[in-house]
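**Q** Here you go, sequence then predicted model.
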Amino acid sequence: LRLALAMDQAGINGTGANNQPLGIMNQSGIGSVVGGTDGAAPDWADIVNLESEIANANVAGSRFCYLTNTKVRGKLKQTLLDAGSGRFVWSVGDQPVNGYNAVVSNQVPSDLTKGSGTALSAILYGNFADVIIGMWGGLDIQVDPYTQAIKGAVRVTAFQDMDIAVRHPESFAVMADAITV
């Protein structure tokens, strides 16, 4: 599980340094939606602007999806679409955000900073068919019964060679300053 979580985190927000893949959020050329100087509570306009960033780049595709964390989902489920409809930005159903699928992972950062804003979250939107994950060799697992033997434990390590690339950076847009509290 830890290996899978590390791979998800690297794919979303990897720095590209110290043998870590460069994640979607850190790719040059992706679209950006800015909430405010110190961040802003996400609203309907931000959702439309994320989609517009990609549409304005003439991106075609069939795997458009939102990706965010549980804090943003909770915030958008309480954020009215407009003053009179009684509908919320994140609705109930198979395609809860403006007719698109939305996936929730706590690997999407909720500890970002901007200006004096802290504990900010990210919202990604894009054509996830343009993410390429390459894996070399098999999953290497080593069982070491000796290192922790005095404690009556067995040490298990796992290693997976992999990399992540974004085929077309313009296929993605991110809001990295969403206030959720």
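**A** Done, it's in.
**Q** longest strand anywhere in this structure?
**A** Secondary structure assigned by DSSP state E gives strand 131-144 as the longest strand of the chain.
**Q** Please identify the buried residues of that strand?
**A** residue 131 (16 or more other Cβ atoms under 10 Å). In this view, the C-beta of every residue, glycine as well, is placed from N, C-alpha and C.
**Q** who are the neighbours of that strand, in terms of helices and strands?
**A** Counting contacts by 3 or more Cβ pairs under 8 Å, 6 or more residues apart in numbering; DSSP states H and E, the secondary-structure elements packed against strand 131-144 are helix 2-13, strand 155-166.
**Q** from these, which stretch is densest packed?
**A** For these, ranked by mean neighbour count under the definition mean count of other Cβ atoms under 10 Å, the leader is helix 2-13 at a mean of 16.
**Q** Give the next helix or strand downstream of it.
**A** Scanning the chain past helix 2-13 towards its C-terminal end, the next helix or strand to appear is strand 31-32 (assignment: DSSP states H and E).
**Q** For that next one, the averaged confidence score.
**A** Taken as a whole, strand 31-32 has a mean pLDDT of 97.
**Q** same thing with stretch 8-21?
**A** Summarised as a single mean, pLDDT over stretch 8-21 is 93.
**Q** neighbouring strands for the longest strand of the chain, and are they parallel or not?
**A** According to DSSP bridges, strand 131-144 forms sheet pairs with strand 155-166 (antiparallel).
**Q** of the helices and strands packed on strand 131-144, which approaches residue 36 most closely?
**A** Closest of those to residue 36 is helix 2-13, at 20.8 Å (criterion: Cβ to Cβ).
**Q** Once you drop chain neighbours, what's closest to the most centrally placed residue in the chain?
**A** By Cα atoms, centre = their mean, the chain has its centre lying nearest to residue 108, at 4.1 Å. When the adjacent residues along the chain are set aside, residue 108 lies closest to residue 69, with 4.3 Å between them (Cβ to Cβ, 6 or more residues apart in numbering).
**Q** And the one you found, how close does it get to residue 52?
**A** 23 Å (Cβ to Cβ, to the nearest Å).
**Q** And those two? Which one has more around it.
**A** Applying other Cβ atoms under 10 Å to residue 69 and residue 52 shows that residue 69 carries more neighbours, namely 21 against 14.
**Q** Now do the contacts for that one.
**A** Taking Cβ atoms under 8 Å, 6 or more residues apart in numbering, we find residue 69 in contact with 104-110, 121-122.
**Q** Could you dump those into CSV with distance to residue 9 and pLDDT added?
**A** Written out in CSV, the entries for these read as follows (distance: Cβ to Cβ, whole Å; pLDDT from 0 to 100):
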residue, distance to residue 9, pLDDT
104, 14, 96
105, 9, 95
106, 10, 93
107, 5, 95
108, 9, 97
109, 9, 97
110, 12, 97
121, 14, 98
122, 12, 98
